[in-house]
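how would this look folded up:
(chains A and B)
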Amino acid sequence: MVIFRPSRFADLPGIEKLINESAAQVSTLPADRDKLGEKIDQSCRSFAGDESMAGKERYLFVLEDTESKEILGTSGIDACAGNGAPFYNYRLDELIHSSQQLGVFNKVPILYMTHELTGSPLLCSLTISPRYRKTEYFDLLSRSRFLFMGQHRERFQSRIIVEIQGKQGDSGDSPFWDSLGRHFFDMDFATADYYSGIKSKTFIAEMMPPHPIYVNLLTKDAQDAIAQPHSAARDNCQFLNREGFRMGRYIDIFDGGPTLEADLDNLTTVKSTKTKQVKLSDNQTGLQYLMCNTLFEDFRATLANVTDGMGDLLRLKRSTAEAILVSEGDNVQFAPL
Amino acid sequence: MIIRPISSKDLDAVYELAKSAGIGVTTLPANRELLSQRIEESERSFSERIEQEHAYYMFGLEDTEAGTIVGVSAIKARVGLDEVWYNYRVSTTVNASKELGIHKQTPTLYLTNDMTNCSEICTLFLHEKYRNSFNGQLLSKCRFLFLADFSERFSNKIFAEMRGYTNTQGESPFWEDLGRKFFSLEFSQADYLSGIGNKAFIAELMPKYPIYVPFFSQEARDVIGQVHEHTRPALAMLESEGFNFNGLVDIFDAGPLVESFVHGIRSVRDSAKRFVMPVQKTGIDEIAEPYMISNRSFSNFRVGLLDSDQIKSDTVSLNHDLMDHLQLGAGDTVRVVALKAKRSDA
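Below you'll find the predicted structure:
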């Protein structure tokens, strides 16, 4: 069985193996062992309610095959984007430059550096083993976070965000970076991205030019890359769109990738979540649902076939119940796939 | 050749002069109404019928034999009081991190009104036929003798805007990369509008935030602070007078602004007073080492040329012809200075 649960130290080798397998770079999930260990530690402390993480909790989950003990994926939530430091974005805005006398009326797109999204819950660290990418386990890995957030609603602000990797050229370069950030760093995107991962994004962001950027002064390629997702991120974007995420006015300051926003209470998963009492059963029939317990530190989710009948009881197979740490009479929450 | 204030009777001559300038010379637009306004402004300035800070003094180079104006130059007492005066300041932004081994200097243009309240030497134009001997120097530098005697009417610093680089097609690479994207105009059009004092559109259309220079093409970057080929002699002349690039450039073509303190201008600093001594004959056929001489009059300001041999320790020897042109009598004080900087000064 495959379950979704908070990460723990023992997962470190498994996560490393996973990162090596998956081609896509995830800058919020460092390949460096020490950094990875630190990230798991932060997550453990966040779940344990440790004061050191108060107001900047970072939750990291894993997808685990309970039989092989293999880690199949990771996903995370930073409760407050920026994690106690400013969280930088460009806000895409528009100025009107007009002269009645000359009959000129120009809309001038402009990028303002902003910290406005600091403190919003940020989805991050999504990595899945290539074998499971297009399966229902991707739903389990990504959407279980919404079950978790919906359930522990008081811990999160309503506007949740996710940063989508920006458009890249064939050779892995970023046209947006090449036209903007590069002038101030003298390094290619991959190097800057690497530093961003090992130092902190804020560290790099604070070296970016502070003044607003007139979009029409950037190269055509860079202008075209604004708010465009990386080709490898398109499926995930569609997935997030179905869930209720929309492109707002924010883009990444490095690669110009879009920052998607959604209202937590209006997420498809959250809106379709039901709570019922468990009635243990020896077999399972019916449709497949995302199913989770109502715990915090011991949060578990899995995929289960159940029949969502009229009553308040839900028949759940014994092995499934055990996997998500629920007993007869406990509440579970579930949402359709 | 004599320098004197322009009067309204000169309008036709100045208009003809402006027409001969052709397209592209915006210091003297061939716009009769506008020229008439400027001349009137200048007349009121010389006759003190205008507030000092709004004064605009226009000088004409008169061919005394032909009796006509062949060149003009001017001083604007203060810029940026009636309209808003814009320049870019070429500044530097530094990005540095020891940890990352980065120290990156980025030229950055800041839109400023820094020259507001400063005096400008401007509107210099000499008819093509007269661009020889000492005329150009006289037309430009006569203004410094005016400054020397009436400095209280001007700011401590004097500046001049130099025409920026344009290619053989008359296009400005700087304009192509910046102005065009915001103004939706041709460079010549914008330059003309600005030249005739119609500057409201600048405030309406110009980007207000600082501009990072690396966003420009190499060609545009290279011309920031560079003068037009034809302006090089004028720049060299001002530099020899003590003017220096002050870090500001024109917002359209990125031509440089040069400035100097009044007391630092060579023609002001080295000028000296003498008494007029009338002579029948000066004994000078041709001027070998030219000096400028001003009559130190405000409303009837005159400047002419004489030879260094006419200048003695206390006096200058002038024949009646020059005395008439300069409106001088015996015993009047004049101001004299060498027309050109000596090599060691340059």
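
quick one: what helix or strand has whatever residue of the stretch 51-200 of chain A ends up closest to chain B in it?
The stretch 51-200 of chain A approaches chain B most closely through residue A:183 (3.8 Å), counting by C-beta to the nearest C-beta. C-betas here are computed from N, CA, C, even on glycine. Using DSSP states H and E, residue A:183 maps to helix A:182-185.

Would you mind pulling up the elements that that helix packs against?
When contacts are defined as 3 or more C-beta pairs under 8 Å, 6 or more residues apart in numbering or on different chains; DSSP states H and E, helix A:182-185 packs onto strand B:102-112.

Now the strand it packs on: average pLDDT?
Across strand B:102-112, the average pLDDT comes to 93.

what's it in contact with?
If you take C-beta atoms under 8 Å, 6 or more residues apart in numbering or on different chains as the criterion, strand B:102-112 is touched by A:183-187, A:207, A:209, A:211, B:86-96, B:206-214, B:221, B:224, B:248-249, B:251.

Show me which positions of the helix or strand just after it end up buried.
Scanning forward in sequence from strand B:102-112 by DSSP H and E, the next helix or strand is strand B:119-126. For strand B:119-126, the neighbour count (16 or more other C-beta atoms under 10 Å in any protein chain shown) marks B:119-126 as buried.

List the strands paired with strand B:119-126, with their directions.
With DSSP bridges as the test, strand B:119-126 is paired with strand B:68-76 (antiparallel), strand B:157-161 (parallel).

and of those strands, who's closest to residue A:124?
Among those, the nearest to residue A:124 by C-beta to C-beta is strand B:157-161 (53.3 Å).

The helix or strand following that closest one near chain A at all?
Next along the chain after strand B:157-161, taking DSSP H and E as the criterion, comes helix B:173-174. No - if you take C-beta under 8 Å from any C-beta of the partner chain as the test, helix B:173-174 misses chain A, and the best it gets is 12.5 Å.

following helix B:173-174, which helix or strand shows up next?
For helix B:173-174, the following helix or strand on the C-terminal side (DSSP H and E) is helix B:180-183.

got a list of contacts for that following helix?
Residues from elsewhere that reach helix B:180-183 (C-beta under 8 Å, 6+ apart): A:97, A:102, A:104, A:106, A:108, A:214, A:216-217, B:187, B:190, B:201, B:205-207.

Pull out the buried residues from these.
Listed as buried from those are A:97, A:102, A:104, A:106, A:108, A:214, A:216-217, B:187, B:190, B:201, B:205-207; burial here means 16+ other C-beta under 10 Å.

And the helices in the chain, which stretches?
No chain specified, so I'll use chain A. Ranges of helices in chain A, per DSSP state H, are A:12-21, A:33-47, A:136-151, A:175-179, A:182-185, A:189-198, A:201-205, A:220-225, A:234-243, A:268-271, A:318-323.

Chain B was what I was after
Counting by DSSP H, chain B has helices at residues B:11-21, B:32-46, B:135-149, B:173-174, B:180-183, B:187-195, B:200-205, B:218-222, B:232-240, B:266-269, B:320-325.

who does residue A:213 bridge with?
Residue A:213 forms beta bridges with residue A:111, as assigned by DSSP bridges.

Report how many residues lie close to it.
24 (other C-beta atoms under 10 Å in any protein chain shown).

Spit out the contact partners of it.
A:90, A:110-111, A:180, B:212 are the contacts of residue A:213 under C-beta under 8 Å, 6+ apart.

Show the contacting residues for the closest residue to residue A:159 other than its chain neighbours.
Leaving aside its sequence neighbours, residue A:159 sits nearest to residue A:120 (C-beta to C-beta, 6 or more residues apart in numbering or on different chains; 5.1 Å). By C-beta under 8 Å, 6+ apart, the residues touching residue A:120 are A:80-81, A:87, A:157, A:159-161.

Any idea what residue B:87 is bridged to?
According to DSSP bridges, beta-bridge pairing links residue B:87 with residue B:112.
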